[in-house]
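Enquirer: Sequence plus predicted model, see below.
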Amino acid sequence: MADRNAVRLRRLVAELTGDISRLGQTADEMRAALRELQEPKASRLALYGAAALLDTFYTGIEKALARIATELGGMPEGPAWHRTLLEDMKLDLPRA
């Protein structure tokens, strides 16, 4: 049983490492988009692109948190699951 848990946690770490890498790439793209938006003649398309990147970044964070929640106890349910997930992730739980 301990070996199975160790394998699951190593897999979770590998998945989160990939998530963090993708979030970094998106953050780089967001910085580039911000520079473009600061231009005097920034297009509406650039604004929509930046908004899409922001959504991609948030969704990436939420997916990473969902991985953690699923592995360590389960995803919250119901209409407020997004908020509950964020609240769960900031809990300061005592160590066992």
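Expert: Cool, got the structure. Numbering: from 1, shown residues only.
Enquirer: so where's the longest helix in this protein?
Expert: Using DSSP state H, we find that the single longest helix of the chain is helix 2-37.
Enquirer: in that helix, what counts as buried?
Expert: Across helix 2-37, burial judged by 16 or more other C-beta atoms under 10 Å covers 12, 19, 23, 26, 29-30, 33. Any C-beta I mention is one placed from the backbone N, CA and C, and that applies to glycine too.
Enquirer: following that helix, which helix or strand comes up?
Expert: Next along the chain after helix 2-37, taking DSSP states H and E as the criterion, comes helix 44-72.
Enquirer: quick check, distance from that next one to the centre of its chain.
Expert: 6 Å (C-alpha atoms, centre = their mean, to the nearest Å).
Enquirer: still on that earlier bit, dump the buried residues of helix 2-37 into TSV; add distance to Gly73 as well.
Expert: Shown next, in TSV, are the buried residues of helix 2-37 (distance: C-beta to C-beta, whole Å):
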residue	distance to Gly73
Leu12	13
Asp19	19
Leu23	23
Thr26	27
Glu29	33
Met30	31
Ala33	36
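Enquirer: so where's this structure uncertain?
Expert: 1, 96 (pLDDT under 70).
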